[in-house]
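Q: Just the structure for this:
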Amino acid sequence: MNWLWMVSLAVADPKPIVRVSLEHELESQVLEQLKSLNDVQKRTALASFEATVFPSARVHYELGLEYNQLGKLSLAEEQYRESLEVDKLYIPALYDLAELLLLRGDVIEAKQHLHTIQDQDNAHWVVSYRLAQIAASELATQQMESNLKQALRAGMPIQILLDDKAQWQKYVLADEVALSMELLLSALGHESIWKRLQSK
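A: Sure, this is the predicted structure:
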C-alpha cells in the first residue's frame with residue numbers, strides 16, 4: 001500500500017469544493033483500506049501509514065471500535081491506548097477505554113479516564129452520570145450526588161434514572177445510598193422519580 005501516493009493524489013486535487021480537511025480525508029482513506037485486511041495486515045498497514053504520513057488518534061480509535069464490536073476486547077484496548085498515545089485527550093478513546101476497564105473490574109483507571117473527560121469544557125452529561133453510577137456502587141454518596149448534579153446541569157434528562165431503574169434499585173439497597181438519593185431527588189423537586197425508583 002503506497003501512502004505517499006495517496007498524499008500526492010490528495011494534494012494534487014485542484015478543486016476541493018467540499019471543505020474536508022486533508023488530514024480527515026487521508027484518515028478516511030486508510031480506514032477504508034483497513035476494512036479488507038486481517039489483523040496482522042492491519043497492524044502492518046497502520047504502521048506504514050504512521051511512518052510515511054502521520055500518527056492518527058482517530059484511525060486507532062476507529063480500529064479499536066471495530067475490534068470492540070467484534071468482541072476482540074484486548075485488541076480494542078490496545079488500539080484505544082495507541083489513540084491516546086497520539087492524543088492524550090482524544091475523548092472517544094478515553095471513554096471507550098474506561099468502559100472496557102470497567103468491564104474487567106479496573107475501576108481506578110477507568111475513573112481516571114472519566115475524570116479527565118469530565119474536566120474538559122462541554123463534557124457530555126453521560127460522563128458525570130457514569131461516575132455517579134460508579135460512586136453509588138462504591139457507596140461514595142457525596143461523589144454520587146456531586147456527579148449526578150453535574151450530569152443534570154449538563155443536560156441529562158431525569159428520565160434516564162427510570163430507564164436505568166434496575167441498576168439504581170441495586171444501588172439503593174444500601175441505606176446510605178437510598179437516603180442520599182431520596183434527599184437529592186426531593187431537593188431537586190423529583191420526589192415522584194424517587195417513588196418510581198423504589199417501586200417494583
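
Q: can we go C-alpha only for contacts and neighbour counts from here?
A: OK.

Q: Need the residue closest to the centroid of the chain.
A: residue 95 (2.3 Å; CA atoms, centre = their mean).

Q: nearest residue to it other than its sequence neighbours?
A: residue 114 (6.4 Å; CA to CA, 6 or more residues apart in numbering).

Q: Enumerate the positions of stretch 193-200 that are buried.
A: 193-194, 197-198 (16 or more other CA atoms under 10 Å).

Q: From these, pick the one nearest residue 144.
A: Of all those, residue 144 sits closest to residue 194, with 15.2 Å by CA to CA.

Q: by contact count, what packs against the strand or helix carrying the closest one?
A: Using DSSP states H and E, residue 194 falls within helix 191-198. Judged by 3 or more CA pairs under 8 Å, 6 or more residues apart in numbering; DSSP states H and E, the packing partners of helix 191-198 are helix 159-163, helix 165-171, helix 175-187.

Q: I'd like these laid out as JSON lines, including distance to residue 51 and mean pLDDT.
A: Shown next, in JSON lines, are these (distance: least, CA to CA, whole Å; pLDDT from 0 to 100):
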{"stretch": "helix 159-163", "distance to residue 51": "45", "mean pLDDT": "96"}
{"stretch": "helix 165-171", "distance to residue 51": "46", "mean pLDDT": "94"}
{"stretch": "helix 175-187", "distance to residue 51": "52", "mean pLDDT": "95"}
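
Q: Contact partners for residue 190?
A: Residue 190 makes no contacts at all, as judged by CA atoms under 8 Å, 6 or more residues apart in numbering.

Q: Over to residue 115?
A: Residue 115 neighbours (CA under 8 Å, 6+ apart): none.

Q: what about it, distance to residue 147?
A: Distance, residue 115 to residue 147, by CA to CA, to the nearest Å: 10 Å.

Q: now swap in residue 120 and tell me
A: Applying CA to CA to residue 120 and residue 147 gives a distance of 15 Å.

Q: Tell me which of these two has more neighbours.
A: Neighbours per residue (other CA atoms under 10 Å) separate residue 120 from residue 147, with residue 147 holding more: 23 against 11.

Q: ok, residue 150 touching residue 128?
A: Yes. The criterion here is CA atoms under 8 Å, and residue 150 meets it with residue 128 at 6.2 Å.

Q: the more surrounded of these two?
A: Neighbour totals were compared for residue 150 and residue 128, and residue 128 leads with 26 against 19 (other CA under 10 Å).

Q: ok and the helix or strand containing that one relative to helix 175-187, angle-wise?
A: Assigned by DSSP H and E, residue 128 falls within helix 125-137. Put simply, helix 125-137 runs at 140 degrees to helix 175-187, going by axes from the mean of the first three to the mean of the last three CA atoms, to 10 degrees.

Q: which residues are in contact with helix 125-137?
A: So helix 125-137 is contacted by 95, 111, 114, 117-118, 141, 143-148, 150-156, 168, 171, 177 (CA under 8 Å, 6+ apart).
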